[in-house]
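Novice: the following block contains a protein sequence and its predicted model.
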Amino acid sequence: DAGVIQSPRHEVTEMGQEVTLRCKPISGHNSLFWYRQTMMRGLELLIYFNNNVPIDDSGMPEDRFSAKMPNASFSTLKIQPSEPRDSAVYFCASSPGGSPLHFGNGTRLTVT
Amino acid sequence: DAKTTQPNSMESNEEEPVHLPCNHSTISGTDYIHWYRQLPSQGPEYVIHGLTSNVNNRMASLAIAEDRKSSTLILHRATLRDAAVYYCILREWGSGTYKYIFGTGTRLKVLA
């Protein structure tokens, strides 16, 4: 298996623009997690899904952030409008129901 | 919120054993203890996990205190490639699925 695939690897955008991050989990994994990592706050859990259903989005920082999982093989994290403080590395991880997490290589977002 | 506490940093000499401690005094009976590590510019990767008994795998050993309020990750012979941030987390059950909250981790420096 290719592992968890995230795209793009790097994203540079201007403040106010819409940003969409993408994630393809490992086939057969029914849980999907979105994390954000910054030097100041470390790894923060933003939202997680089980069987494509959002379970807990209490970690989403603001209404500007939204996430969807339309099917078992794809998820998106959208920021609209983006702000410089959203600059971070965003990780997607998947798991086959309670087994260890498998992380993607992350998307490094820079908002200028 | 993270329910584990770890030292911010540790150092070890190459080829020597390393013991990375973790406190989780509020652990519940069903929480598994997981360890992940994050190499520079990569996503976290799974190392080992356990519930009550000590565990061994090809990467490391996990020693769990009898009261489960603390655990220790043991790298038997540290190499330069083991330099990373090591996270101890609790796999928590809630809302019909598991979630994983990361703390600040321990940055391990391996000296040649």
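Specialist: Alright, I've got the coordinates.

Novice: confidence score at the residue most central in space within chain A?
Specialist: For chain A, the residue nearest the mean C-alpha position is residue A:34 (3.6 Å; CA atoms, centre = their mean). pLDDT, residue A:34: 98.

Novice: now stretch B:37-45, how far from the centre of its chain.
Specialist: Put simply, stretch B:37-45 sits 13 Å off its chain's centre (CA atoms, centre = their mean, to the nearest Å).

Novice: by proximity to chain A, which residue of chain B wins?
Specialist: Nearest residue of chain B to chain A (CB to the nearest CB) works out as residue B:43 at 3.3 Å. For glycine as for every other residue, the C-beta is placed from the backbone atoms N, C-alpha and C.

Novice: any idea which element that residue lies in?
Specialist: Per DSSP states H and E: residue B:43 is located in neither a helix nor a strand.

Novice: surely it meets residue A:91?
Specialist: Yes. With contact defined as CB atoms under 8 Å, residue B:43 counts as touching residue A:91 (5.2 Å).

Novice: what sits in contact with each of these two?
Specialist: Shared contacts of residue B:43 and residue A:91, defined by CB atoms under 8 Å, 6 or more residues apart in numbering or on different chains, comprise A:103, A:104, A:106.

Novice: what is the neighbour count of residue B:69?
Specialist: Residues lying near residue B:69 (other CB atoms under 10 Å in any protein chain shown) number 13.

Novice: just checking: what are the partner strands of the helix or strand bottoming out on mean pLDDT in chain B?
Specialist: Here the helix or strand of chain B ranked lowest by mean pLDDT, DSSP states H and E is strand B:97-100, holding a mean of 87. Strand B:97-100 sits in its sheet next to strand B:84-94 (antiparallel), going by DSSP bridges.

Novice: mind listing residues that contact the partner strand?
Specialist: In contact with strand B:84-94 (CB under 8 Å, 6+ apart) are residues A:43, A:56, A:98, B:2-4, B:6, B:20, B:22, B:24, B:27-28, B:30-40, B:44, B:47, B:49, B:71, B:73, B:98-103, B:105-108.

Novice: got a quick ChimeraX command for the buried subset of these?
Specialist: Remark: buried members of the contacts of strand B:84-94, expressed as a ChimeraX selection using 16 or more other CB atoms under 10 Å in any protein chain shown:
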select /A:43,56 /B:2,3,4,6,20,22,24,27,31,32,33,34,35,36,37,38,44,47,49,71,73,98,99,100,101,102,103,105,106,107,108
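
Novice: filter the contacts of strand B:84-94 down to the ones in strands?
Specialist: Among the contacts of strand B:84-94, the residues falling in strands (DSSP state E) are A:43, A:56, B:20, B:22, B:32-38, B:47, B:49, B:71, B:73, B:98-100, B:106-108.

Novice: hang on, the earlier thing: neighbour count winner among residue B:43 and residue A:91?
Specialist: Comparing residue B:43 with residue A:91 by other CB under 10 Å, the one with more neighbours is residue A:91, at 26 against 23.

Novice: what sits against that one?
Specialist: Contacts of residue A:91 were listed using CB under 8 Å, 6+ apart, and they are A:6, A:34, A:35, A:36, A:37, A:43, A:103, A:104, A:106, B:43, B:44.
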